[in-house]
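Student: Task: produce atomic coordinates for the following.
(chains A and B)
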Amino acid sequence: MIKKQEPLTETAYLILLAMLKPNHGYGVMKFVEEKTKGRVVFGPGTLYGAINNLHKKGWIEPCPTNPGERKIEYIITDEGLKRVKEELRRLKEIYEIGVEILKGRGENHDKEI
Amino acid sequence: MIKKFKLFMNPVSDLEKWLNKMSNEGCRLIKAGKVFYYFEECKRNKYVYAVDYVANKSYDELSEYQGFLEELNIRHMEKPANLGKLSIGNVRWRPYADKGARIATSSGMINRELLILEKENDGKAFNIYTNVEDKINALKTMRKPIIVIMAFIGLMLLTNIVDFIPIHRWSFLEINLLAQRRMPMLIVIGIVEVLLLINFIRFTLAINQLKREADIHE
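Tutor: I've put the predicted structure just below:
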């Protein structure tokens, strides 16, 4: 039986990906801006809230910090990684549905993107 | 140093617009008081501003948030706003705040209702909240104190209006005379109530608009 999972928001999905290696707020912001070529820019309030929520859920955890280091770095947990992989499967599914339907109309959407 | 006096109907979004207009005129905010703002001259449009409402955060939460902003190279200034608080000496009660931030004492939260954020202008819009859900939540947090004050003032008006209703025909004149003295005060309070209602409606319309959008967009 397939367990139904809630889809992740774009914000949560991208933050989790950015935290596959230890990363802090500023690093996440830059990572996302770079990867999406400036399409997604997190506001400070949104990023702060999302990191806190992901931490509370246990999908990311703070890395041990060096003394004197002000910035808190986080890394993805096993649970977080599981969620990212599930989200990737979901995205693949809806992506393939889109391609299939558009192909049926004689449009090769694969080439367009 | 330039000192400016300014009052706002909506202390969050109107203040934000005004600060960006000032930046456009070559003024950088140094300090913000209750009604006075201090600027220094700088290159036009060098900085962009955004205003966050933080009265619902506890002392620790706010400090943590400020630390996070510093990580992102965002300068922040606290600004007091006379918004939805009841003061008794050095203790303030904010019935609408999150748990743990409802009672503010002088050591921590008094006069830290708004947080003005400043960053160098990179040509992009400066939004504190960038997804629909956060935007809705931010508006709801700002609407809460309005509801609370509206209820308090409404109750005050109601108890006063009762005095104007003649319960006994023979004492009508007497009651009326007593109540008459309070008329000017009641009118002022009535105007405040109407202004609050306008703000409340503005927030509610904005929230509903976003909710409709949330069905389609992330």
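
Student: quick one, domains of chain B?
Tutor: Using automatic domain parsing, the domain parsing of chain B gives B:2-79+B:114-120, B:132-214.

Student: and the shortest one, is it in reach of chain A?
Tutor: Yes: contact of domain B:132-214 with chain A is found when judged by C-beta under 8 Å from any C-beta of the partner chain, involving B:133-134, B:138. To be clear about C-beta, it is placed using only N, CA and C from the backbone, and glycine gets the same treatment.

Student: Identify the residues contacting residue 25.
Tutor: This is for chain A. Listed by C-beta atoms under 8 Å, 6 or more residues apart in numbering or on different chains, the contact partners of A:Gly25 are A:47-48, A:51, A:71-72, B:68, B:71-72.

Student: You answered for a different chain; I wanted chain B.
Tutor: By C-beta under 8 Å, 6+ apart, the contact list for B:Glu25 reads B:Arg44.

Student: quick one, phi/psi of it?
Tutor: Main-chain dihedrals, B:Glu25, degrees, to the nearest 10: phi -90, psi 10.

Student: mind listing what's buried in stretch B:1-17?
Tutor: Of the residues in stretch B:1-17, B:11-13, B:15-16 count as buried by neighbour count, 16 or more other C-beta atoms under 10 Å in any protein chain shown.

Student: mind listing the strands for chain B?
Tutor: Along chain B, the segments classed as strands by DSSP state E run B:2-5, B:27-32, B:36-41, B:47-53, B:75-79, B:86-88, B:91-93, B:103-105, B:114-120.

Student: Between the ones you listed, which shows the greatest average number of neighbours?
Tutor: When you average the neighbours per residue for each of these (mean count of other C-beta atoms under 10 Å in any protein chain shown), strand B:47-53 leads with a mean of 22.

Student: Show me where chain A has its strands.
Tutor: A:60-62, A:74-76.

Student: Which secondary structure elements does the last one sit against?
Tutor: With contacts defined as 3 or more C-beta pairs under 8 Å, 6 or more residues apart in numbering or on different chains; DSSP states H and E, the packing partners of strand A:74-76 are helix A:44-57, strand A:60-62.

Student: Could you list the contact residues of chain A toward chain B?
Tutor: Counting by C-beta under 8 Å from any C-beta, chain A sits next to chain B at A:9-11, A:24-26, A:29, A:41-49, A:70-71.

Student: what do you get if the cut-off is 7 Å, keeping everything else the same?
Tutor: Contact residues (C-beta under 7 Å from any C-beta of the partner chain) of chain A with chain B: A:9-11, A:24-26, A:29, A:41-46, A:48-49, A:71.

Student: So which of the domains of chain B is the most surrounded?
Tutor: The most buried stretch of the domains of chain B, if neighbours are counted by mean count of other C-beta under 10 Å, is domain B:2-79+B:114-120, with a mean of 17.

Student: what's the burial count for the residue lying closest to A:Asn53 once chain neighbours are set aside?
Tutor: Counting by C-beta to C-beta, 6 or more residues apart in numbering or on different chains, A:Ala12 is the residue found nearest to A:Asn53 once chain neighbours are left out, at 7.9 Å. A:Ala12 has 22 neighbours, counted by other C-beta atoms under 10 Å in any protein chain shown.

Student: mind listing what the nearest residue to A:Val84 once chain neighbours are set aside touches?
Tutor: In space, and not counting its chain neighbours, A:Val84 is closest to A:Leu16: 4.9 Å by C-beta to C-beta, 6+ apart. A:Leu16 makes contacts with A:54, A:59, A:76, A:80, A:83-84, as judged by C-beta atoms under 7 Å, 6 or more residues apart in numbering or on different chains.

Student: before we move on, the earlier item: can you list the strands of chain A in TSV and add distance to B:Arg182, mean pLDDT and mean neighbour count?
Tutor: Shown next, in TSV, are the strands of chain A (distance: least, C-beta to C-beta, whole Å; pLDDT from 0 to 100; neighbours: other C-beta atoms under 10 Å in any protein chain shown):
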stretch	distance to B:Arg182	mean pLDDT	mean neighbour count
strand A:60-62	58	95	17
strand A:74-76	59	96	20
